[in-house]
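1. here is the input, now give the coordinates:
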Amino acid sequence: MADTDRNEEFIKEIRKQLGDYRFIHSLEVAKSAVQLAKRFGADEEKAYTAGILHDVLKDKSPEFLLDYFGKNGVRLTDVEKSNHKLYHAIAGSIYVEKELGVNDEEIINAIRYHTTGRKNMSLLEKVIYIADFISADRKYDGVERMREKAKISLETAMEEGLQFSIIELSEKLLPIHPDSIDAYNEIIMSKEKSDG
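-> Numbers count the residues shown, from 1 in each chain. Okay, here's the model as predicted:
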């Protein structure tokens with residue numbers, strides 16, 4: 001059975017793992033991911049599955065996730081260790097593969113990089129990254145601007161999302177993951193090339 005045929009099972013799984021707020025958020029991200037996939041030509045079924053599962057371990061404590069990394073032989077970088085908000089994406093990608101038997105690498109990577117982004121992101125990875133920013137449940141300052149950017153192109157929305165995250169982290173004096181810097185630089189430099 002394809003991973004995308006197991007969505008009812010995955011919804012039951014996140015219902016067990018997540019509180020009400022995060023459960024609703026996950027369903028909304030899945031819906032936004034499908035809309036973005038339709039608009040930009042990504043696989044809609046994979047987008048829905050990755051959207052459902054992207055925050056599967058988000059409600060676990062940092063201590064639980066550190067223990068989970070230890071049990072699975074995962075070594076975090078110093079930057080990853082210093083920001084526990086990064087833990088759930090890394091752990092979630094391992095969890096869906098090892099515990100839920102998801103074997104689609106695109107879905108696993110979309111979960112893994114939905115928080116930081118990275119250089120050379122796949123179409124699906126970009127879809128999940130942006131869907132997480134613009135889902136219907138989101139209420140932060142600037143969300144409408146982000147939704148408008150997502151109508152233009154994934155790259156335009158990625159630029160906005162990465163800029164938002166980098167500014168927020170620097171204002172809070174938190175380290176910025178090198179993957180986020182790489183993703184941002186790649187988008188800015190490719191934009192310069194196309195403008196030049």
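2. tell me the SS of the residue positioned nearest the centre of the chain?
-> Central residue of the chain (CA atoms, centre = their mean): H114, 1.7 Å from the mean position. Classification of H114 by DSSP: H, G, I helix; E, B strand; the rest coil places it in coil.
3. where does this protein dip in pLDDT?
-> Scanning the chain with the threshold set as pLDDT under 70 gives 1, 192-196.
4. contacts for the longest helix seen in the chain?
-> The residue-count maximum for a helix in the chain (DSSP state H) belongs to helix 20-40. The contact list for helix 20-40, computed with CB atoms under 8 Å, 6 or more residues apart in numbering, reads 11, 14-15, 18, 42-44, 46-56, 58-59, 123-124, 126-128, 130-132, 134-137, 150-151, 153-154. Glycine gets a C-beta too; all of them are placed from N, C-alpha and C.
5. drop anything exposed from the residues you listed.
-> Buried members of the contacts of helix 20-40, scored by 16 or more other CB atoms under 10 Å, are 14, 18, 42-44, 46-56, 58, 123-124, 126-128, 130-132, 134-135, 150, 154.
6. out of those residues, which are inside strands?
-> Applying DSSP state E to the buried ones among the contacts of helix 20-40, no entry is found in strands.
7. in helices only, show me those residues.
-> Going by DSSP H, the helices hold 14, 44, 46-53, 123-124, 126-128, 130-132, 134, 150, 154 from the buried ones among the contacts of helix 20-40.
8. doesn't I181 make contact with K119?
-> No: at 9.2 Å, K119 does not count as touching I181 under the criterion of CB atoms under 8 Å.
9. about what we covered before: then the longest helix of the chain to PDB, C-alphas only?
-> Output of helix 20-40 as PDB, limited to C-alpha atoms (Å, rounded to 0.1, in the frame of the first residue of the first chain):
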ATOM      1  CA  ASP A  20      -6.400  19.800  19.800                       C
ATOM      2  CA  TYR A  21      -4.600  22.900  18.500                       C
ATOM      3  CA  ARG A  22      -1.800  21.000  16.800                       C
ATOM      4  CA  PHE A  23      -4.100  18.400  15.400                       C
ATOM      5  CA  ILE A  24      -6.300  21.000  13.700                       C
ATOM      6  CA  HIS A  25      -3.200  22.800  12.500                       C
ATOM      7  CA  SER A  26      -1.900  19.600  10.900                       C
ATOM      8  CA  LEU A  27      -5.200  19.100   9.000                       C
ATOM      9  CA  GLU A  28      -5.200  22.700   7.900                       C
ATOM     10  CA  VAL A  29      -1.600  22.400   6.600                       C
ATOM     11  CA  ALA A  30      -2.500  19.300   4.700                       C
ATOM     12  CA  LYS A  31      -5.400  21.300   3.000                       C
ATOM     13  CA  SER A  32      -3.100  24.200   2.200                       C
ATOM     14  CA  ALA A  33      -0.400  21.800   0.900                       C
ATOM     15  CA  VAL A  34      -2.900  20.300  -1.600                       C
ATOM     16  CA  GLN A  35      -3.900  23.800  -2.800                       C
ATOM     17  CA  LEU A  36      -0.300  24.700  -3.300                       C
ATOM     18  CA  ALA A  37       0.500  21.400  -5.000                       C
ATOM     19  CA  LYS A  38      -2.400  22.000  -7.400                       C
ATOM     20  CA  ARG A  39      -1.200  25.500  -8.100                       C
ATOM     21  CA  PHE A  40       2.500  24.700  -8.600                       C
END
